[in-house]
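>>> mind folding the following:
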Amino acid sequence: MGQVVVIVAIIFGSITVTALGCVWMGTSYAAKKKGLKTGATQREIEMLQQKVNDAQQEIAALKTEVKRLINIAKGVDL
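This is a model prediction of the structure:
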């Protein structure tokens, strides 16, 4: 009789743990999905803006360097 109680307890415990895990994963997914729909945080926007600014500076430096290399290729002294 005691063995049957232990087996039933293990089965119900397993079902309970599985159900709680599914609920936890569902709420985590819903929170993540909601966070993605609300948009980026201010910090993320600032980081992206900084990356854009860095890219613009690199492009400006590359343009200057290309102009210098074109002048060198033409034989024009600066």
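>>> so what pLDDT did V8 get?
For V8, the pLDDT comes out at 86.
>>> scratch that, L36
Reported pLDDT at L36 in the predicted model: 60.
>>> where do the helices of the protein begin and end?
For the chain, the helices defined by DSSP state H cover 2-38, 42-74.
>>> redo the ones you listed as TSV? Include mean neighbour count.
From N, CA and C alone the C-beta is placed, and that goes for glycine too. As requested, the helices of the chain are arranged in TSV below (neighbours: other Cβ atoms under 10 Å):
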stretch	mean neighbour count
helix 2-38	10
helix 42-74	10
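>>> and those helices, which one is worst for confidence?
Averaging pLDDT over each of the helices of the chain puts helix 2-38 lowest, since it has a mean of 84.
>>> which neighbouring elements make contact with that helix?
Under the contact definition 3 or more Cβ pairs under 8 Å, 6 or more residues apart in numbering; DSSP states H and E, helix 2-38 sits against no other helix or strand.
>>> from the middle of its chain, how far away would it be?
Distance, stretch centre to chain centre, for helix 2-38: 26 Å (Cα atoms, centre = their mean, to the nearest Å).
>>> cool, stretch 59-70 as well?
34 Å.
>>> CA atoms only: put that stretch into PDB for me.
Extracted in PDB, the C-alpha atoms of stretch 59-70 (Å, rounded to 0.1, in the frame of the first residue of the first chain):
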ATOM      1  CA  ILE A  59      33.200  57.000 -44.100                       C
ATOM      2  CA  ALA A  60      34.400  60.600 -44.000                       C
ATOM      3  CA  ALA A  61      37.900  59.500 -43.200                       C
ATOM      4  CA  LEU A  62      37.800  56.900 -46.100                       C
ATOM      5  CA  LYS A  63      36.600  59.600 -48.500                       C
ATOM      6  CA  THR A  64      39.500  61.800 -47.600                       C
ATOM      7  CA  GLU A  65      41.900  59.000 -48.000                       C
ATOM      8  CA  VAL A  66      40.500  58.000 -51.400                       C
ATOM      9  CA  LYS A  67      40.800  61.600 -52.600                       C
ATOM     10  CA  ARG A  68      44.400  61.600 -51.400                       C
ATOM     11  CA  LEU A  69      45.100  58.300 -53.100                       C
ATOM     12  CA  ILE A  70      43.500  59.500 -56.400                       C
END
